[in-house]
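Asker: Following is a predicted model, sequence given first.
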Amino acid sequence: MRYLILFFLTLELTTSNAQEHYLLVGTYDSPKSEGIYVYKFNTETGTAKEVSHIKTPNPSFLAISPDEKFVYAVAETAPQDGKGGDIAAFSFNKEKGTLTFINKQHSGGDHPCHVDVDKTGKWVFASNYTSGSLSVLPVNEDGSIGKAVSFQHSGSGPNLQRQKSPHVHGAIISPNNKTLFVTDLGIDKVMLYDFDASTGKLSLAKKPFVQTEPGAGPRLFTFHNNNKFAYTIEELSGTVVLYHQKKGRLIEKHRISTMPADDKRFPGSADIHVSPDGKFLYASNRGEVNTIAIFSINKKNGQLTLIGHQSTLGKAPRNFNFDLTGKFLLVGNQNSDEIVIFKKDSITGLLIDSGNRITVGKPVCLKWIAN
């Protein structure tokens, strides 16, 4: 009897210590998916259960407003009416874990593949891949969005299959909300825009771009927790680039491959994240590779050291993300219709399969809302 009481006391303590946060998953349309899915994720067990979902076309990337009351999703399409894709706005009910559609606006270009929100929550940035344009959309008090103001990139790159024209892949606002860093896969540039949060005005920075290696294909951009280091993942070269970031300027310091030295397969690199503790960086490789490259970060200069590769245990890891505790890393395997949940070793940074899975069609974006 004493052991039974101790068991239930331990179970009760474990349950009380666990937290459940909301995981939002954007998908591509498929027979197994139809929009944005909301789950509750248990930070103790690393398990998830679906709460709700809402139908919306090709929400391949999501952004959460700073107050977590609103969610913005791309509709990665290019309709024949010539008006391009859309950005949709939703309200989020934290008590019920449900999304409610508010409105949508044209994204100002074709196939928007990325969306971000500024720190005030008053402006949304959309990256239009096929048309190679960047857009800014105002946010109203009720979370609805207004019409887009667009900026068209120009140029090309040496890869004739992928770089015949600009392809804006990401627009990420700086931690101080003053600079927008825009990765353009088609022209091998990270473009820099000065941003005025009071008006939403964007203007090219004094040094308007950083040129990457020819044919590299910069895809996404992220900041270290200290805001001094920034990293780009290059899709075509499979390379992570370290920049020192100061007052809206980027200085390239270091380049390192996401692939083993003897592996000549096409990396198809996709996503990049720094661990919440700031000690490690992770980058995903798709195609035949299907791995997460794991790097340690030198805390003094931000340089990376490759420490291992983890199979994603699925196909086409387009997007991945840490849970809010930093204990788990979730990988969306787009082409195997499954999110694989890994535990992160806090000492080594290596990943361990938790055995937990989330079955969902074409998962391509993972975002969090605290509960």
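Answerer: Noted; the coordinates are in hand. Numbering: from 1, shown residues only.

Asker: what number of residues lie near residue 142?
Answerer: Neighbourhood size, residue 142 [other Cβ atoms under 10 Å]: 11. Backbone N, C-alpha and C define where each C-beta goes, glycine included.

Asker: quick one: it from residue 63, how far?
Answerer: Between residue 142 and residue 63 the distance, using Cβ to Cβ, to the nearest Å, works out to 17 Å.

Asker: mind listing what residue 284 touches?
Answerer: With Cβ atoms under 8 Å, 6 or more residues apart in numbering as the criterion, the residues that contact residue 284 are 269-272, 291-293, 312, 317-320, 331.

Asker: ok, and the most crowded of those residues?
Answerer: Each of those was scored by neighbour count (other Cβ under 10 Å); the top score is that of residue 317, with 32 neighbours.

Asker: Look up the pLDDT of the residue nearest to that one when sequence neighbours are not counted for me, please.
Answerer: The shortest distance from residue 317 to any non-neighbouring residue, by Cβ to Cβ, 6 or more residues apart in numbering, is to residue 284 (4.2 Å). Predicted confidence (pLDDT) at residue 284: the value is 98.

Asker: Model confidence for residue 17, exactly?
Answerer: Listed pLDDT for residue 17 reads 55.

Asker: One more: the one 10 residues further on?
Answerer: Looking at residue 27, its pLDDT reads 98.

Asker: That one: neighbour count?
Answerer: The burial metric for residue 27, expressed as a neighbour count using other Cβ under 10 Å, is 25.

Asker: Show me what the host helix or strand of residue 206 pairs with in its sheet, parallel or antiparallel.
Answerer: If you go by DSSP states H and E, residue 206 is part of strand 201-211. Partner strands for strand 201-211, per DSSP bridges, with pairing direction: strand 189-196 (antiparallel).

Asker: what distance separates stretch 83-93 from the centre of its chain?
Answerer: 17 Å (Cα atoms, centre = their mean, to the nearest Å).

Asker: What mean pLDDT does it get?
Answerer: According to the model, stretch 83-93 has a mean pLDDT of 93.

Asker: List the first helix or strand encountered after the worst-scoring helix or strand of the chain on mean pLDDT toward the C-terminus.
Answerer: For the chain, using mean pLDDT, DSSP states H and E, the weakest element among its helices and strands is helix 2-17, scoring a mean of 46. Tracing the chain C-terminally past helix 2-17 and defining elements by DSSP H and E, one meets strand 20-27 next.

Asker: Which neighbours in the sheet does that following strand have, and how are they oriented?
Answerer: Strands that pair with strand 20-27, judged by DSSP bridges, come out as strand 35-42 (antiparallel), strand 363-369 (antiparallel).
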